[in-house]
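J.: build me a model from this:
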Amino acid sequence: MADQASYLFSTRTSKVLAEKIAHFYGQEMGKINFQEFSDGEFEPVLDQSVRGARVFLIGSTFPPADNLLELLLMIDASKRASAKSITVVLPYYGLARQDRKDQPRAPIGAKLVANLLTAAGATRIMTMDLHADQIQGFFEIPVDHLYASTIFIDYIQKLNLPSLTIASPDMGGAKRAKNYAGHLGADVVIAYKERKKANVVDDMFLIGDVAGRNVVLIDDMIDTAGTLCKAAGIIMANGALSVRAMATHAVLSGNAYENIENSQLSEVIVTDTIPVKTELSSKIKVLSCAELFADVMKMVHQHKSISDKFII
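T.: The predicted structure is shown next:
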């Protein structure tokens, strides 16, 4: 057991999830005071000593960019308060879709975020279902990359669906779908999509047979839900008995809630890495990732192996 003290702090937009994590961690949230100026500037101030302690800073960096800036300021405050180690818990890693230079004069936003977190003083990163696994390599500090599969697979098994098929809504998620299928003993199908610009799917084709099958679409995030809803429609048109979707990060921008509600998806299961407005769609079910993060945080603090927390 570690005898080093530990403290948990949270950004304002991730407070609900952070309090759940603190409950499972077995410790109250640390005290932090957010000073705000009339022009919108803010200053997070730690209201207790963290000298020589392990600090866990919990905050998803979804838009607006203030969420990232707030987290960076909290890291800097912890470093200047002489915290021995600063573990940044990023349930959702913002800008992860910018993981490579895919056109001339484009930034690599995911690498920039990694640089900012490290420069601010983070000594360890803990996150879940990165949009691209290689983002771990953008860091020169330890990265604990957790998977929502530890939550989702248990849920799928409890559904006890006959003739189960796992589907990926795009080619990029084929490996993820194959891994789920391997654990569940299910078949795999892939929806091949073509798009000319972000968030707009021009065409989609189904690779595989879904006739008479109960299909579960697996993805890392749902943004506008256009891809998932289009895939669901094609799957049902090809004779599937039912189709539901699972995605770790519920970005849900634009008309996402309306798209989901009007789609052929029977349900959409997500985690709470990002706050979800469940009242806007009866089809959305939220499974909490709080216990998983709390367990891994305790293991890290106690210098224990966390390898059994990695399913996929």
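
J.: what sits up against the helix or strand where residue 228 lies?
T.: If you go by DSSP states H and E, residue 228 is part of helix 226-237. Applying CB atoms under 8 Å, 6 or more residues apart in numbering, the contact partners of helix 226-237 are 167, 169-170, 189, 191, 193, 199-201, 204-206, 210, 215, 217, 219, 222, 243, 245, 247, 259-260, 262-265, 268. All C-beta atoms are positioned from the backbone trio N, CA, C, and that covers glycine.

J.: and those, which are buried?
T.: 167, 169-170, 189, 191, 193, 201, 204, 206, 210, 215, 217, 219, 222, 243, 245, 247, 259-260, 263, 265, 268 (16 or more other CB atoms under 10 Å).

J.: just the CA atoms of stretch 48-63, as CSV, please.
T.: Only the C-alpha atoms of stretch 48-63 are listed here, as CSV (Å, rounded to 0.1, in the frame of the first residue of the first chain):
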residue,chain,number,x,y,z
GLN,A,48,-5.5,22.7,0.3
SER,A,49,-1.9,21.7,0.4
VAL,A,50,-0.7,19.0,-2.0
ARG,A,51,3.0,19.2,-1.2
GLY,A,52,4.6,15.9,-1.7
ALA,A,53,1.3,14.2,-2.7
ARG,A,54,-0.1,12.4,-5.7
VAL,A,55,-2.6,14.6,-7.4
PHE,A,56,-5.3,13.3,-9.7
LEU,A,57,-6.8,15.9,-12.0
ILE,A,58,-10.1,14.8,-13.6
GLY,A,59,-11.4,16.5,-16.7
SER,A,60,-12.6,15.7,-20.2
THR,A,61,-11.4,18.1,-22.8
PHE,A,62,-14.5,18.4,-25.0
PRO,A,63,-15.3,21.8,-26.5
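
J.: who's in contact with the residue sitting furthest away from the middle of the chain?
T.: Most distant residue from the mean C-alpha position of the chain: residue 38, 32.5 Å away (CA atoms, centre = their mean). Residues near residue 38 by CB under 8 Å, 6+ apart: none.

J.: three-state assignment of it?
T.: coil (DSSP: H, G, I helix; E, B strand; the rest coil).

J.: next one: residue 89
T.: strand.

J.: for it, list each beta-bridge partner.
T.: Bridge pairing for residue 89 (DSSP bridges) gives the partners residue 58, residue 126.

J.: got a list of what it touches?
T.: 21, 56, 57, 58, 59, 126, 127, 293, 297.

J.: could you do residue 292 as well?
T.: By CB under 8 Å, 6+ apart, the neighbours of residue 292 are 128, 146, 150, 151, 309.

J.: show me what contacts the residue nearest to the first one when sequence neighbours are not counted?
T.: For residue 128, ignoring the flanking residues on the chain, the nearest one in space by CB to CB, 6 or more residues apart in numbering is residue 146 at 4.5 Å. Under the criterion of CB under 8 Å, 6+ apart, the contact list for residue 146 reads 126, 127, 128, 129, 289, 292, 293, 296, 309, 310.

J.: could you check how far the second one is from residue 285?
T.: I take that to be residue 127. 23 Å (CB to CB, to the nearest Å).

J.: who's more crowded, those two?
T.: Neighbours were counted for residue 127 and for residue 285 using other CB atoms under 10 Å; residue 127 has more, 22 against 15.

J.: just the buried residues of stretch 290-305, please?
T.: Residues of stretch 290-305 classed as buried by neighbour count (16+ other CB under 10 Å): 290, 292, 293, 294, 295, 296, 297, 298, 299, 300, 301.

J.: check stretch 104-114 too.
T.: 108, 110, 111, 113, 114.

J.: okay, the third one: pLDDT?
T.: Note on residue 111: pLDDT of 98.

J.: equivalent analysis for the last one, please.
T.: pLDDT, residue 114: 98.

J.: what's the burial count for the nearest residue to it once chain neighbours are set aside?
T.: In this structure, residue 114 finds its nearest non-sequential neighbour in residue 138, 3.8 Å apart by CB to CB, 6+ apart. Residue 138 is flanked by 20 other residues according to other CB under 10 Å.

J.: show me what contacts residue 138?
T.: Residues near residue 138 by CB under 8 Å, 6+ apart: 110, 111, 114, 115.

J.: can you list those in TSV and add distance to residue 50 and secondary structure?
T.: Output for those, formatted as TSV (distance: CB to CB, whole Å; DSSP: H, G, I helix; E, B strand; the rest coil):
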residue	distance to residue 50	secondary structure
110	28	helix
111	29	helix
114	23	helix
115	24	helix
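
J.: returning to what we had before: can you pull the buried residues of the helix holding residue 228?
T.: Going by 16+ other CB under 10 Å, helix 226-237 has these buried residues: 226, 227, 228, 229, 230, 231, 232, 234, 235, 236.

J.: which one of those is nearest residue 272?
T.: Comparing the buried residues of helix 226-237 against residue 272 with CB to CB picks out residue 228 as the nearest, at 18.5 Å.
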